[in-house]
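Asker: Quick one, what's the 3D model for this:
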Amino acid sequence: MILARPSPIPAVRALVLVLAVGVALAGCGRRGRLEPPPTPESIAAAQKAKDSKSGIHKRVPNPAIRAPNQPFVLDPIL
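Answerer: Here you go, the predicted model:
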């Protein structure tokens, strides 16, 4: 009696599927420029604003840091 060896094709398909999903998920979203770490002065200012009467801290966007306005390949999917 001849025993058939299992075909490696399902394992290859599963591996390709896992890799494709991983690449697709890793590519989602848009990456902007990196923001520098906070300086001691900005930490002190944030703490001072937090400790103020209102307790509301408005985040003022840095005009020098903007996300690129270029379309990304996966944007239509989102």
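Asker: Using PDB, write out every CA atom in the longest helix seen in the chain.
Answerer: Across the chain, the helix with the greatest residue count (assigned by DSSP state H) is helix 9-26. Taking Å, rounded to 0.1, in the frame of the first residue of the first chain, the C-alpha atoms of helix 9-26 are listed here in PDB:
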ATOM      1  CA  ILE A   9       0.400  23.700  -1.000                       C
ATOM      2  CA  PRO A  10      -2.000  24.400   1.900                       C
ATOM      3  CA  ALA A  11       0.900  25.300   4.200                       C
ATOM      4  CA  VAL A  12       2.300  27.600   1.500                       C
ATOM      5  CA  ARG A  13      -1.100  29.200   1.000                       C
ATOM      6  CA  ALA A  14      -1.500  29.900   4.700                       C
ATOM      7  CA  LEU A  15       2.000  31.400   4.900                       C
ATOM      8  CA  VAL A  16       1.400  33.700   1.900                       C
ATOM      9  CA  LEU A  17      -2.000  34.700   3.400                       C
ATOM     10  CA  VAL A  18      -0.400  35.500   6.800                       C
ATOM     11  CA  LEU A  19       2.300  37.500   5.100                       C
ATOM     12  CA  ALA A  20      -0.100  39.400   2.900                       C
ATOM     13  CA  VAL A  21      -2.300  40.300   5.900                       C
ATOM     14  CA  GLY A  22       0.700  41.400   7.900                       C
ATOM     15  CA  VAL A  23       2.000  43.600   5.100                       C
ATOM     16  CA  ALA A  24      -1.500  45.100   4.500                       C
ATOM     17  CA  LEU A  25      -1.900  45.900   8.200                       C
ATOM     18  CA  ALA A  26       1.600  47.300   8.600                       C
END
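Asker: And the next helix or strand after that helix, how far out from the chain middle?
Answerer: Counting by DSSP states H and E, the next helix or strand C-terminal to helix 9-26 is helix 40-50. With C-alpha atoms, centre = their mean, to the nearest Å as the basis, helix 40-50 stands 27 Å off its chain's centre.
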